[in-house]
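K.L.:
Sequence plus the predicted model coming up.
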Amino acid sequence: MVELSISDIRRELWRAQPSSEASGETSSPLLGQMFHETAAELLGDDKSNQWQAALDQETIADAHSLNEHIYEKLLGPRLTSRQASLNEAGEQVLGLWKATSEFSQWIATLLNAAFHAGRIQFDKVTRQWTGDPLCLPEQVLTWDVFEPGWQAPVRVSGIADSLWKNPATGRWCVVEYKLGRGAREVDLAQVCLYHEMLIASGLADENGAVALIAFKPEREEVFFSSSELHVVKAGLRQLIGRLAGVTNGVVPPNRTATVREPAESSLTAQRLVQTYAQYGVHIILIGEPILGPSFIRYGIMPAKGVRVGEIRRLQDELQVHLNLATPPMIHTDRGRLVIDVQRENPEPVLFSSIVGQLPKRDSLHGSARIPLGVDLIGGLHGADLSQNSCPHLLVAGTAGAGKSEWLRSALAGLLLMNTPQTLQLVLIDPKRSAFNGLESSPYVYRHWGLLHPADRPIAEVLDVLIEEMNNRNLLFQQMGVDDLTAYVALTRQPLPRIILFCDEYFDLIAEKRTRPEIESRIARIGAKGRSSGIHLVIATQFPKAEVVTTTIKANLSGRVCLRMTDARQSQVVLGQSGGERLLGKGDLLFQDIGEPKRLQAPYLPEPDRKQIFTHASLTEPRP
């Protein structure tokens, strides 16, 4: 069976749209993700965040109270944490807040209808709501498709934003939350997919309607009839067959991957299913396991009646039963639930193997794209510092996690993609060991060499960057351009990006006297540095709340999380647990928008590092 996700199909549908329509899917990816996360938490299992914490019998229809709860508990903290990425998006943030208010009104109306229909009740003694479940947020759904002439069946999987029970009819329907204006054809196709999934799960019949709720920011509610859906489904099946590669007998590369250690993967798969069954939780393995450098990924599907939360809660039990050094990571990937189990014999990813995936050197614009790591199929992922979503990076990892090695490979990638005219580096090296070899490099800003707090006050270094930032922004204003990219495009003259790398931030703020002045300067660069082409990559081995403060997190929106000591450190860096279950040696989670992506950082051996740091090439200079 070939695996596809709804995300795969939706991306293909968007590619087929005219450019004028394809540009309007959401107000922005970051704000769209915030909206979805807020809705999921409001309707989720955490009692301190869900709607029940805000509404009682007297206020069940009070959208204002619900709105206040959303801002205080859910949306407000998210806006604060991504302050640096939103400095230039005031109008879009206002649109998000209007959409959230519309969402509150819609939820309050549905809850009030359910209350008066007797489907939910409020216990005045316990102050708790009881009754039928009205909403199942983030539900995993599947649809198995097989047409005459296909070489294999296809399983389409996805996670619906929520399933809502109609208060009047008691029927379940899929509700997708859309922030911004999309293409009706794409939305209709996605609704068709969910309708088939509901039918397959027994929650709907062929004649049921499906709702699409959009917030643009005003609420727009559309119900698609079964006749509308029927017309679209035939073409949708053809698209699925083509994407899965089952119509011509050739499965496209990277759609599925077969593990190279069948004995190990098969035994682990059996033990996974058996362990869950011992605790009364039944799962179904879907697709082939995928072999990564350090772990094997298994796609799973909850059996009927099993909640995703039940599967996640048994990670410690899995560690014991599978005899693992670290609990497996259970998360979603491309719309399906997966379990990552560490390999007995991990394989390193050499930096030389990813050089071919780096953009070629551009002597005019250069590149602000920092290589992060590779995914399970060897694809290189990067963080583009020129974009609003990730202008600066916070890098964290405990001893042995691979933090310094990651910084070196990131620097090496930048050197291969830039000339000294497009890139200048500020290197803060408190341990005097991370960036050796770059002391006399022409890429080093003002020939400062490697900076150490004992030799030069770092606040003075940051002041120089702030002055440069202000001068550039004034120049851009005079030229009538918004940022460095536009300035270079207009003048056709390179102006180097300046990227500051700091190997251990904790050493900069060890003295309480210097902490406020360092932190305030980082905040200024974090807030205004992107447009001027000045960026921060700040690393620490001690990601504690007193080190990585709210101010630091608000201004360093991109996160590279290597192995953490415990879940509290992971919470500081990512806002959630997971970092403590990484395997070390470059196994990382990267987060900018949405859920963290798990990647493997490439390893840069010392001979290659010396070659690149000295000559900005791995062998011969790149074209």
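P.N.:
Structure received. Numbers count the residues shown, from 1 in each chain.
K.L.:
least trustworthy helix or strand in the protein by mean pLDDT?
P.N.:
One helix or strand of the chain scores below all others by mean pLDDT, DSSP states H and E: helix 19-22, with a mean of 43.
K.L.:
beta partners for the residue nearest to residue 118 when sequence neighbours are not counted?
P.N.:
Distances taken as CB to CB, 6 or more residues apart in numbering put residue 131 closest to residue 118, at 7.9 Å, once the chain neighbours are dropped. All C-beta atoms are positioned from the backbone trio N, CA, C, and that covers glycine. With DSSP bridges as the criterion, residue 131 is bridged to residue 120.
K.L.:
so who does residue 143 touch?
P.N.:
By CB atoms under 8 Å, 6 or more residues apart in numbering, residue 143 lies in contact with 155-157, 193, 196-197, 200.
K.L.:
Which strand or helix spans it?
P.N.:
strand 135-145 (DSSP states H and E).
K.L.:
Show me which parts of that strand are buried, residue by residue.
P.N.:
For strand 135-145, a neighbour-count test (16 or more other CB atoms under 10 Å) marks 135-143, 145 as buried.
K.L.:
If we ignore the residues flanking it in sequence, what's nearest residue 61?
P.N.:
Distance criterion CB to CB, 6+ apart; nearest residue to residue 61, sequence neighbours excluded, is residue 112 at 4.0 Å.
K.L.:
Give me the pLDDT value at the one you found.
P.N.:
At residue 112, the pLDDT value in this model is 90.
K.L.:
on that earlier part again, which helix or strand lies directly C-terminal to the least confident helix or strand of the chain?
P.N.:
Heading C-terminal from helix 19-22 (DSSP H and E), you reach helix 29-42.
K.L.:
which is the next helix or strand following that next one?
P.N.:
Heading C-terminal from helix 29-42, the first helix or strand you meet, by DSSP H and E, is helix 63-69.
K.L.:
Just the buried residues of the helix or strand just after that next one, please?
P.N.:
Moving toward the C-terminus from helix 63-69, the next helix or strand (DSSP H and E) is helix 76-81. Buried residues in helix 76-81, counted by 16+ other CB under 10 Å: 78-79, 81.
K.L.:
Burial check on residue 194, number of neighbours?
P.N.:
Residues lying near residue 194 (other CB atoms under 10 Å) number 25.
K.L.:
From the chain's centroid, how far away is the strand holding residue 143?
P.N.:
With CA atoms, centre = their mean, to the nearest Å as the basis, strand 135-145 stands 21 Å off its chain's centre.
K.L.:
Tell me which strands that strand pairs with, and in which orientation.
P.N.:
Applying DSSP bridges to the sheet, strand 135-145 is found paired with strand 154-165 (antiparallel).
K.L.:
So what's the residue count around residue 453?
P.N.:
Residue 453 has 20 neighbouring residues, counting by other CB under 10 Å.
K.L.:
gap between it and residue 166?
P.N.:
Going from residue 453 to residue 166 by CB to CB, to the nearest Å gives 63 Å.
K.L.:
quick one, strands of the stretch 201-350 of the chain?
P.N.:
Counting by DSSP state E, counting those that start in this stretch, the stretch 201-350 of the chain has these strands, from start to end: 210-215, 219-224, 283-291, 295-302, 329-333, 336-342.
K.L.:
Can you add mean pLDDT, mean neighbour count and distance to residue 57 and give these back as CSV?
P.N.:
Below are those laid out as CSV (pLDDT from 0 to 100; neighbours: other CB atoms under 10 Å; distance: least, CB to CB, whole Å):
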stretch, mean pLDDT, mean neighbour count, distance to residue 57
strand 210-215, 72, 20, 26
strand 219-224, 74, 14, 25
strand 283-291, 82, 19, 39
strand 295-302, 88, 22, 34
strand 329-333, 85, 20, 36
strand 336-342, 88, 23, 36
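K.L.:
could I get the ones you listed as a markdown table with distance to residue 233?
P.N.:
Listed next are these as a markdown table, based on distance: least, CB to CB, whole Å:
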| stretch | distance to residue 233 |
| --- | --- |
| strand 210-215 | 12 |
| strand 219-224 | 11 |
| strand 283-291 | 22 |
| strand 295-302 | 22 |
| strand 329-333 | 26 |
| strand 336-342 | 21 |
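K.L.:
Tell me how far the longest helix along the chain lies from the chain's centre.
P.N.:
In the chain, taking DSSP state H as the definition, the longest helix is helix 90-116. In terms of CA atoms, centre = their mean, the centre of helix 90-116 is found 25 Å from the chain centre.
K.L.:
what angle do that helix and strand 135-145 make?
P.N.:
Between the axes of helix 90-116 and strand 135-145, defined by axes from the mean of the first three to the mean of the last three CA atoms, to 10 degrees, the angle is 100 degrees.
K.L.:
what's the straight distance from one end of stretch 392-405 to the other?
P.N.:
One end of stretch 392-405 to the other measures 19 Å (CA to CA, to the nearest Å).
K.L.:
Find me the pLDDT at the residue located most distally from the centre of the chain, would you?
P.N.:
The C-alpha centroid of the chain is most remote from residue 125, which lies 41.6 Å away (CA atoms, centre = their mean). Here, the pLDDT recorded for residue 125 equals 89.
K.L.:
Next, give phi and psi for it.
P.N.:
Backbone torsions of residue 125, given as degrees, to the nearest 10, read phi -80, psi -50.
K.L.:
Contacts only, for residue 201.
P.N.:
Here residue 201 is in contact with 141-142, 304 (criterion: CB under 8 Å, 6+ apart).
K.L.:
And it, how close does it get to residue 283?
P.N.:
According to CB to CB, residue 201 and residue 283 sit 15 Å apart.
K.L.:
hang on, the earlier thing: now do the contacts for the residue nearest to residue 118.
P.N.:
Each residue near residue 131 by CB under 8 Å, 6+ apart is listed here: 114, 118-121.
K.L.:
same thing with residue 57?
P.N.:
Counting by CB under 8 Å, 6+ apart, residue 57 makes contact with 115, 122, 124.
K.L.:
out of those residues, who's nearest residue 240?
P.N.:
When those are compared for distance to residue 240 (CB to CB), residue 115 wins out at 40.8 Å.
K.L.:
so the closest one touches residue 56, yeah?
P.N.:
No - in this structure residue 115 lies outside contact range of residue 56 using CB atoms under 8 Å: 10.6 Å.
K.L.:
Just want to know which of these two has more residues nearby.
P.N.:
With neighbours defined as other CB under 10 Å, residue 115 and residue 56 compare such that residue 115 has more, 20 against 15.
K.L.:
Quick check: phi and psi at residue 608.
P.N.:
Main-chain dihedrals, residue 608, degrees, to the nearest 10: phi -70, psi -40.
K.L.:
Might one say that it is in contact with residue 615?
P.N.:
No - Residue 608 is beyond contact range of residue 615, at 11.0 Å (criterion: CB under 8 Å).
K.L.:
Those two: who's more crowded?
P.N.:
Neighbour count, other CB under 10 Å: between residue 608 and residue 615, residue 608 has more, with 19 against 13.
K.L.:
Run through the residues that contact the more buried one.
P.N.:
Contacts of residue 608 (CB under 8 Å, 6+ apart): 351-352, 412, 618.
K.L.:
gap between stretch 537-551 and the chain center?
P.N.:
Distance, stretch centre to chain centre, for stretch 537-551: 20 Å (CA atoms, centre = their mean).
K.L.:
ends of stretch 357-368, how far apart?
P.N.:
End-to-end span of stretch 357-368 (CA to CA): 15 Å.
K.L.:
and it, average pLDDT?
P.N.:
Mean predicted confidence for stretch 357-368 is 92.
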